[in-house]
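Enquirer: Would you be able to build a 3D model of this:
(one chain, ligands or ions: 1)
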Amino acid sequence: MIIGDLRLFNDGDALNYAAAQRWVQLAEAAISARGKFHIALSGGSTPRALYQRIANPDFATRIAWDRVHVYFGDERTVPPDNADSNFRMAKEALLDHVPIPSAQIYRMEGEMEDAHEAATKYARLLSSRLPMSSQGIVQFDLLLLGVGPDGHIASLFPGTPVLHERARLVEAVFVEKFETWRITLTLPVIDHARHVLILVGGEGKAPIMRDVFAARTTPPYPVQLINPQGVLEWYLDEAAASLLPEALRS
Ligand code: 6PG
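Expert: Alright, predicted model coming up:
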């Protein structure tokens with residue numbers, strides 16, 4: 001059973017506008033309550049459109065970037081200037097266009113020879129920088145996710161052992177279909193975020209959204225495994241929601 005609040009938008013622009021509004025609202029709340037805003041960015045083309053939207057002055061000027069700390073939900077095992085790097089994507093779409101101190105941008109070091117070592121190093125960084133939830137798990141203020149056509153989130157792909165990891169905060173995972181290693185946050189970190197925002201756009205995602213929101217699937221898709229202790233919101237455009245039952249679309 002999928003949990004959380006589902007919001008539908010006419011198109012990608014409307015979805016990004018609403019997601020940018022949510023980002024501003026959560027940043028203001030976190031900064032006034034705790035002095036900082038800790039956000040985990042997702043890779044992918046859907047989140048990239050949001051980053052480009054936030055970089056526009058109408059939103060960028062509403063965020064106290066000197067209080068913002070940017071992390072990543074997953075990373076490819078490539079150097080930061082590689083076309084496949086999630087860091088490079090976020091840098092080009094957003095981080096190069098806003099006055100965030102570079103010391104407050106925390107890359108997963110995909111260029112490291114050993115992805116497991118990179119994962120361990122990033123877990124140590126999270127533990128040293130992030131506040132803890134009441135259960136002692138590092139806690140983001142906002143954690144952004146896209147969903148792949150196979151139901152993966154971050155680099156939590158179907159059938160991978162990392163789906164069962166409940167102790168480590170960050171793991172290296174070998175993704176068979178891409179024949180490559182990835183570095184990813186684990187489910188406990190996602191679940192302990194104060195706010196999880198899942199962004200899904202385009203008709204290509206309609207089948208997976210239909211399946212994810214339908215009855216329980218066996219085995220469950222990775223996105224169905226999340227159980228956020230905080231707020232979970234799904235932002236879908238009409239195209240991605242086009243195969244959802246009428247009851248969910250009203
Ligand atoms: C990545 C992302 C990944 C992405 C989904 C959706 O590293 O690719 O973290 O989880 O969010 O694949 O990507 P699209 O929005 O491009 O479909």
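Enquirer: where do the helices sit along this structure?
Expert: Counting by DSSP state H, the segments of the chain that form helices are 12-34, 45-54, 57-60, 86-93, 115-129, 187-191, 206-213, 246-249.
Enquirer: Between these, which one is closest to the ligand.
Expert: Ranking the helices of the chain by their distance to the ligand (criterion: C-beta to the nearest ligand atom) puts helix 45-54 first, at 3.2 Å. All C-beta atoms are positioned from the backbone trio N, CA, C, and that covers glycine.
Enquirer: where in this structure is pLDDT low?
Expert: 1-2, 215 (pLDDT under 70).
Enquirer: In space, what's closest to Val70 - neighbours in sequence excluded?
Expert: Ile105 (4.8 Å; C-beta to C-beta, 6 or more residues apart in numbering).
Enquirer: how near is that neighbour to the ligand?
Expert: 17 Å (C-beta to the nearest ligand atom, to the nearest Å).
Enquirer: give me the number of residues near that residue?
Expert: 17 (other C-beta atoms under 10 Å).
Enquirer: Kindly report the same for Glu171.
Expert: 25.
Enquirer: How about the contacts made by it?
Expert: Applying C-beta atoms under 8 Å, 6 or more residues apart in numbering to Glu171 gives the contacts Ala119, Val162, Glu165, Ile183, Thr184, Thr186.
Enquirer: was I right about the residue nearest to Val70 contacting Leu95?
Expert: Yes - counting by C-beta atoms under 8 Å, Leu95 is a contact partner of Ile105 at 6.0 Å.
Enquirer: so what's in contact with those two at the same time?
Expert: Common neighbours of Ile105 and Leu95 (C-beta under 8 Å, 6+ apart) are Val70.
Enquirer: what does this structure put close to the ligand?
Expert: 42-46, 73-74, 86, 146-148, 152-155 (C-beta under 6 Å from any ligand atom).
Enquirer: Which one of these is nearest to Ile100?
Expert: The closest of the residues of the chain next to the ligand to Ile100 turns out to be Asn86 (C-beta to C-beta; 16.3 Å).
Enquirer: Now that closest one. Nearest residue, chain neighbours left out?
Expert: Going by C-beta to C-beta, 6+ apart, Asn86 has Gly43 as its nearest residue, at 3.4 Å.
Enquirer: who touches the one you found in this structure?
Expert: By C-beta under 8 Å, 6+ apart, the residues touching Gly43 are Phe72, Gly73, Asp74, Glu75, Arg76, Asn86, Met89, Ala90, Gly146.
Enquirer: hmm, 10 Å instead?
Expert: 72-76, 84-90, 144-146, 154-155, 182 (C-beta atoms under 10 Å, 6 or more residues apart in numbering).
Enquirer: same check, this time on Leu243
Expert: Glu203, Lys205, Ala206, Pro207, Ile208, Met209, Arg210, Asp211, Phe213, Ala214, Arg249.
Enquirer: do the same with Val223
Expert: Taking C-beta under 10 Å, 6+ apart, one finds 2, 145-148, 150-154, 156, 158, 190, 198, 200, 208-209, 212, 234 in contact with Val223.
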